[in-house]
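Asks: sequence and predicted structure below; questions after.
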Amino acid sequence: MKKKSVENIISLSNNLRWQIGDDFHDHLAEGIYADASEIVNNAVQTDNQKKQFRLDSKIDKIVTSKIWGFPIMFLILGLILWITIIGANYPSSILANLFLENIHPALKSFASNIGMPWWLDGFLIDGVYMAVAWVIAVMLPPMAIFFPLFTLLEDFGYLPRVAFNLDYLFKKSGAHGKQALTMSMGFGCNAAGVVATRIIDSPRERLIAIITNNFSLCNGRWPTQILIATIFIGAVVPSSLSGLASVSAVIGIAILGIFFMFFSSWALSKTVLKGEVSTFNLELPPYRPPRFWKTVYTSLIDRTLIVLWRAIIFAAPAGAAIWLISNINIGDQSIAAWIINSLDGFGFLLGLNGVILLAYIVAIPANEIVIPTILMLTVLVTGIAGGDGAGVMFELDSANETANILKAGGWTLLTAVNVMLFSLLHNPCSTTIYTIYKETKSVKWTLLASILPLIMGFIVTFLVAQIWRIII
Amino acid sequence: MDIKGNSDCAGCPQFNAKGLKKLGVNTENFDFVVALAGNPNTGKSTVFNALTGLHQHTGNWPGKTVIRAEGAFEYNDQKYKLVDLPGTYSLLSTSEDEEVARNFILFGKPDVTVIIVDASRLERNLNLVIQILEITDKAVLCLNLMDEAKRNHIKIDERTLARDLGIPVVPTSARFNEGIPELIKTIDEVANGKIICKPHRIKNVPNNIQKAVLKLSAEIKKQFPTIPNSRWIAFRLLEGDTRIINALRTGELTQK
């Protein structure tokens, strides 16, 4: 009975559609617009004497201009990074001091007082606690500066202008202009960037945006870049210029990432994801003076603590795992040493080493713990005194000490440069991979998105290493 | 984050801060479902945060919310579940974020739909408002960003607007918590049937279309007397929207 009546309605609608002709959609849209303008005429009064949005369009003329658009973009990014690098130094060393030089010995002596067996004490305090403490000391200060600054910029309304500036390049590479927005989200977190691609309505262009989002340097990788740049790149120039040199190096890597994103978008749209570029309207929202304290507060609660919490959750088991593989021996070597030795040859080809490769395997759940893992493993292999022994993530309250350990581990300028490159070009973290799978519901595209940047990383670091060794 | 206001506000019966409890993400056992819809970048998430006391990230760029966020508040001992929908310009196209918004208003059957518009760009925003009013007859227009409209010397006659649209209109500046108490009170009145809406119907279409819509929606009403949006379904059927045709066949549209 019901079924029949539904079919009646549908066939009636089919008949009527014939009668009214095929411009129904346009008539309806026009009707809606006409209604809207009637309503507005009745209810809204604008003062035409005062020109509206004058300041906005003035600002837009500058920040989206052909000449100034890009320099201003890089300048703003540089300024934010600069404040982050300079500002994070002091709180980082205070936190490191507190967690690693005060609390850690206190915990150790407490453990020995209550007679805790050495392996449990090592596993919990040297493994789990140290990993967590390290992540907090290294990550919290830069995040607590970077995120609020970025959020202020976002609330002000600058991001759509970035999209506007980049739109032309995206079109050229066969991708959707809105990818500029999802790319910007990726600079915070790739998993968030992948979810944000839902604003792109064409499935082809959305896939491109998902696969290439990993080329946006995410917040888990910024600290790695900043630390390595500060130690190695800053050291090759006179000290008065070292700050500038390290900031430029980090920006250079970020720009290189953008370049790789355009390149792979273009390559994808020419091969497996062929198709037309769709057009869209991008609304440039009005500039809004951000509500400073409220924005700082929400971005601390909303972004910083959530990201930090995620890092801690992944760091704790990773710390435990590192301690275990460093302390369980097979034959005359620990498991970690076996793996590192077997990876060393391949690592050398890439201008890296076995420690770094192992660290990237351990750090698949979270990019944030790459540097702590590298340091810990380096100490293990080189047997430098000063740490608390095998498998302990130890204190590093100054960049100098970190540099000494890395140099003792055989690091050169080439290693540093390639670590920065590899940090940009490698597989996404497991959260992002899972998110890609949830969004695409396809094993094939998830695999491609995971492996493509890794292959690029291998190629790029390999080439850099070979050329470097020939020239220098 | 609290609605504090100065002492004058607190003395006014509109204010009723005592009746309001922000419940954050605790959305169990609600009495009413409220949807927040609107164009991108009109401050939906800011309104959402002001109502629920949550800190959903807000940002000044279109397309920030792509999944629906849920929160809740309690007002005069009734629990409201609040759903923040992705911002859309229209409900007529097919991108995923638009479909999330449309499907929720259509199939989720919220008790009240709060449509948030940018007061200084009213004409453009009304496109979506008019479409939503064809789907649901329990709606509130939240005239947000009033501070910006004022700065741009735009004056809006809220009473005329409310009369023309046939739904209550509440001016707000959600970033400064202005107008939020009034908005809550209005939501409560619509949800409890104290305000009956007579939503605007699309007028400026040629006669033959108007007649076809009338005929078809009359037929739909005859077969399914409880359906509130027969006119909108007629529009979609005339357009040949397969999603709606399927929904009609499976009974998704007609069951309450």
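Replies: Thanks, I have the structure now.
Asks: does A:V296 belong to a helix or a strand, and which?
Replies: Applying DSSP states H and E as the criterion places A:V296 in helix A:292-299.
Asks: quick one: list the elements packing against that helix.
Replies: If contacts are counted by 3 or more Cβ pairs under 8 Å, 6 or more residues apart in numbering or on different chains; DSSP states H and E, helix A:292-299 sits against helix A:130-156. (Each C-beta comes from the backbone N, C-alpha and C, glycine too.)
Asks: how far does the helix it packs on sit from the chain's center?
Replies: 12 Å (Cα atoms, centre = their mean, to the nearest Å).
Asks: for that helix, packing partners?
Replies: helix A:69-96, helix A:179-188, helix A:222-228, helix A:292-299, helix A:305-327, helix A:370-382.
Asks: and the angle for it with helix A:370-382?
Replies: 150 degrees (axes from the mean of the first three to the mean of the last three Cα atoms, to 10 degrees).
Asks: next, the buried residues of helix A:130-156.
Replies: The neighbour-count check on helix A:130-156 (16 or more other Cβ atoms under 10 Å in any protein chain shown) flags A:130-156 as buried.
Asks: tell me where chain B is predicted with low confidence.
Replies: Low-confidence segments of chain B (pLDDT under 70): B:1-18, B:24-28, B:55-68, B:93-97, B:254-256.
Asks: repeat that for 50
Replies: Residues of chain B meeting the criterion pLDDT under 50: B:1-7, B:256.
Asks: which residues in it form helices?
Replies: Under the criterion DSSP state H, helices of chain B are mapped to B:7-11, B:44-52, B:96-107, B:122-135, B:146-151, B:158-165, B:180-191, B:207-223, B:230-239, B:242-250.
Asks: now, of the ones you listed, which is deepest in the fold?
Replies: Most buried of the helices of chain B, by mean neighbour count (mean count of other Cβ atoms under 10 Å in any protein chain shown): helix B:44-52, with a mean of 25.
Asks: quick one: is stretch A:212-226 near chain B?
Replies: No: with Cβ under 8 Å from any Cβ of the partner chain as the criterion, chain B is not reached by stretch A:212-226; the gap is at least 13.9 Å.
Asks: off-centre distance for that stretch?
Replies: Relative to its parent chain, stretch A:212-226 has a centroid offset of 3 Å by Cα atoms, centre = their mean.
Asks: can you tell which of the helices of chain B is closest to A:V6?
Replies: helix B:242-250 (5.4 Å; Cβ to Cβ).
Asks: so the closest one versus helix B:96-107, what angle?
Replies: Going by the same axes, to 10 degrees, helix B:242-250 makes 30 degrees with helix B:96-107.
Asks: is B:G53 in contact with B:K22, as I believe?
Replies: Yes: in this structure B:G53 lies within contact range of B:K22 using Cβ atoms under 8 Å: 3.2 Å.
Asks: return every residue with contacts to both of the two.
Replies: B:F73 (Cβ atoms under 8 Å, 6 or more residues apart in numbering or on different chains).
Asks: can you get me a residue count around the closest residue to chain B within the stretch 101-250 of chain A?
Replies: With Cβ to the nearest Cβ as the measure, A:D201 is the residue of the stretch 101-250 of chain A nearest to chain B, at 3.1 Å. Residue neighbour count, defined by other Cβ atoms under 10 Å in any protein chain shown, stands at 18 for A:D201.
Asks: for it, phi and psi?
Replies: A:D201 adopts backbone torsions of phi -90, psi -20, taken as degrees, to the nearest 10.
Asks: show me what from the stretch 151-256 of chain B comes close to chain A.
Replies: Near chain A, when you scan the stretch 151-256 of chain B using Cβ under 8 Å from any Cβ, you find B:152-158, B:160-161, B:164-165, B:175, B:200, B:202-206, B:208-209, B:212, B:215-216, B:219-220, B:223, B:234-235, B:237-240, B:245, B:248-249, B:251.
Asks: let's go with 6 Å and repeat that
Replies: Within the stretch 151-256 of chain B, the positions adjacent to chain A are B:152-157, B:160-161, B:164, B:202-206, B:208-209, B:212, B:216, B:219-220, B:223, B:237-239, B:248-249 by Cβ under 6 Å from any Cβ of the partner chain.
Asks: so for A:L159, what pLDDT did the model give?
Replies: Note on A:L159: pLDDT of 79.
Asks: hang on, it packs against A:M183?
Replies: No: judged on Cβ atoms under 6 Å, A:L159 makes no contact with A:M183 at a distance of 10.1 Å.
Asks: more neighbours, those two?
Replies: With neighbours defined as other Cβ under 10 Å, A:L159 and A:M183 compare such that A:M183 has more, 27 against 22.
Asks: can you count the residues close to the closest residue to that one other than its chain neighbours?
Replies: In this structure, A:M183 finds its nearest non-sequential neighbour in A:S216, 5.2 Å apart by Cβ to Cβ, 6 or more residues apart in numbering or on different chains. A:S216 has 22 neighbours, counted by other Cβ under 10 Å.
Asks: next up, the contacts around A:S216.
Replies: A:S216 makes contacts with A:M183, A:G186, A:F187, as judged by Cβ atoms under 6 Å, 6 or more residues apart in numbering or on different chains.
Asks: sounds good, over and out.
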